[in-house]
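Q: A predicted structure for the sequence below; I have some questions about it.
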Amino acid sequence: MSTVQNEVSGRLNARNRLRRRQRIVPVQSIPAPKAEPFKQWLAKVGNYSEIPNSSNSCDDNIAGEWIAAFKGGTVVVNAPAGPYKCPPGPYEYALLWAAHIKKNKLKAKVHMVDPGAKPVPPGVAVGFLKAIEANKDVLAYAPNTNILNVSAKDSMIETEAGKIKYDFLSIIPPNKTMGFIKEAGLGDPFIAVDPVTFRSKADERVFALGDNAATPYSKSAYTAAQSAKIAGAFIARAMGAKVGDPGGPHNICYPLVSMDSAIMVRADWSHGKDKDGKPAVITKGASDNDAKAQLLMLRREWEKGLLREMFGA
């Protein structure tokens, strides 16, 4: 999510050398009975590099330049269906776009298309909806809405709620594990693992977590970092080391709802049994849906701490 913050708050005013152009970034095919035309279009396009004015913004950071060059018009963003990494990310992105439009007094509007009934994760749905309502003059939120088709030629996106002509289209691609993992027979779209140890159910020599694993946990960087410690403990045990029970993972996140405030969501997972005595993952959560500058400060420290832990930075 720091990438979103950098692109929308840090880089938006840094460059203005690109002329406004109509753009499209990688697109997701969303499962729905009416989505078949969109799936056919995506299959025909095949590689987004063949789409006019498209780019893999994850690779070259061109999206930041496009945002900085944006002088007005219609922006369309989406939340993908199914599990995806950083669940609050799409809502942050839409709200930061709204903040950018207001700050720079642009004649523009953001349309957010969401196949779900409300923002996720559920713990901060209220906070996101309050922020969306506060920005309704520049942000239109369409829940329970699937994307049906995209015409790059006409700069038009078709949804179940109607057609929208766009000037900037940013759609999150489907989240799934890498192709070689599917070819190895480990899983598709994710690797099935034991939620306690993260050991693959298809090959006991393999451990998987984060974006690659099918688990009941959030697909967030923080959860992945916690899961890595747990998997490491069980790998050490398998090698003969004496390691205590690492317990279950947890997640905490401070989603941005404006340039200067954030909300908070936390989940703690433990292992127990359900009412029938079968192994189960037990979830306890907490949240703060009131946007605060203090939570933004905690967000920054949270980011720094995670980076220090992962990279020693």
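A: Yep, it's here.

Q: Could you confirm Gly232 falls within a helix?
A: Yes. Gly232 sits within a helix when classified using DSSP: H, G, I helix; E, B strand; the rest coil.

Q: pLDDT weak spots in the protein?
A: Low-confidence segments of the chain, defined by pLDDT under 70: 1-63, 313.

Q: Packing partners of the strand or helix carrying Met297?
A: Per DSSP states H and E, Met297 falls inside helix 293-311. If you count contacts as 3 or more C-beta pairs under 8 Å, 6 or more residues apart in numbering; DSSP states H and E, helix 293-311 packs onto helix 221-238, strand 262-273. Placement of C-beta: from N, CA and C, glycine included.

Q: at 10 Å what do you get?
A: Secondary-structure packing of helix 293-311 (3 or more C-beta pairs under 10 Å, 6 or more residues apart in numbering; DSSP states H and E): helix 2-5, helix 221-238, strand 250-253, strand 262-273, strand 279-292.

Q: Dump the fourth one to CSV, restricted to CA.
A: To tie it back to what came earlier, the one meant is strand 262-273. Included here for strand 262-273 are C-alpha records, laid out as CSV according to Å, rounded to 0.1, in the frame of the first residue of the first chain:
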residue,chain,number,x,y,z
ALA,A,262,-6.2,6.4,8.3
ILE,A,263,-8.4,3.8,9.9
MET,A,264,-7.3,0.5,11.4
VAL,A,265,-8.1,-3.2,11.2
ARG,A,266,-6.5,-6.2,13.0
ALA,A,267,-7.1,-10.0,12.9
ASP,A,268,-5.6,-12.6,15.2
TRP,A,269,-5.9,-16.3,14.1
SER,A,270,-5.5,-19.3,16.4
HIS,A,271,-6.0,-23.0,16.0
GLY,A,272,-8.7,-24.9,17.8
LYS,A,273,-11.7,-27.1,17.0
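
Q: Tell me the gap between that strand and the middle of its chain.
A: Here strand 262-273 is found 18 Å from its chain centre; the criterion is C-alpha atoms, centre = their mean, to the nearest Å.

Q: Begin at 36, not 1, for the rest of this chat.
A: Sure, I'll start numbering at 36, so the last one becomes strand 297-308.

Q: by contact count, what packs against it?
A: Contacts defined by 3+ C-beta pairs under 10 Å, 6+ apart place strand 297-308 against helix 160-169, helix 256-273, strand 285-288, strand 314-327, helix 328-346.

Q: Just tell me which of the ones you listed ends up closest to Ala237.
A: Of all the helices and strands packed on strand 297-308, helix 256-273 sits nearest to Ala237, with 15.8 Å by C-beta to C-beta.

Q: tell me the most buried of the helices and strands packed on strand 297-308?
A: Burial of the helices and strands packed on strand 297-308 is given as mean neighbour count (mean count of other C-beta atoms under 10 Å); strand 285-288 ranks first at a mean of 22.

Q: That one pairs with which strands, and in what direction?
A: Note on strand 285-288: by DSSP bridges, its sheet partners are strand 297-308 (antiparallel).

Q: Would you mark the buried spots in the partner strand?
A: Neighbour counts using 16 or more other C-beta atoms under 10 Å place Ala297, Ile298, Met299, Val300, Arg301, Ala302, Trp304 of strand 297-308 among the buried residues.

Q: for stretch 195-207, same thing?
A: Neighbour-count burial for stretch 195-207, with 16+ other C-beta under 10 Å as criterion, is recorded at Glu195, Ile199, Tyr201, Asp202, Phe203, Leu204, Ser205, Ile206, Ile207.

Q: Return the list of helices and strands in contact with the helix or strand where the second one lies.
A: Assigned by DSSP H and E, Ile199 falls within strand 197-200. Packing partners of strand 197-200 (3+ C-beta pairs under 10 Å, 6+ apart): strand 107-113, strand 142-148, strand 174-177, strand 182-186, strand 191-194.

Q: Just tell me which of the ones you listed ends up closest to Ala263.
A: Among the helices and strands packed on strand 197-200, if distance is taken as C-beta to C-beta, the winner is strand 107-113, at 29.4 Å.

Q: Quick check: what element follows that closest one along the chain?
A: The first helix or strand that comes after strand 107-113 along the chain, using DSSP H and E, is helix 124-138.

Q: distance of Pro224 from Pro314?
A: Shown here: Pro224 relative to Pro314, a distance of 24 Å by C-beta to C-beta, to the nearest Å.

Q: what sits against His146?
A: Applying C-beta atoms under 10 Å, 6 or more residues apart in numbering, we find His146 in contact with 109-113, 129, 174-177, 180, 192, 194, 196, 199, 201, 204.

Q: Revised request: answer the last question for Gly220.
A: Each residue near Gly220 by C-beta under 10 Å, 6+ apart is listed here: Ala237, Asp238.
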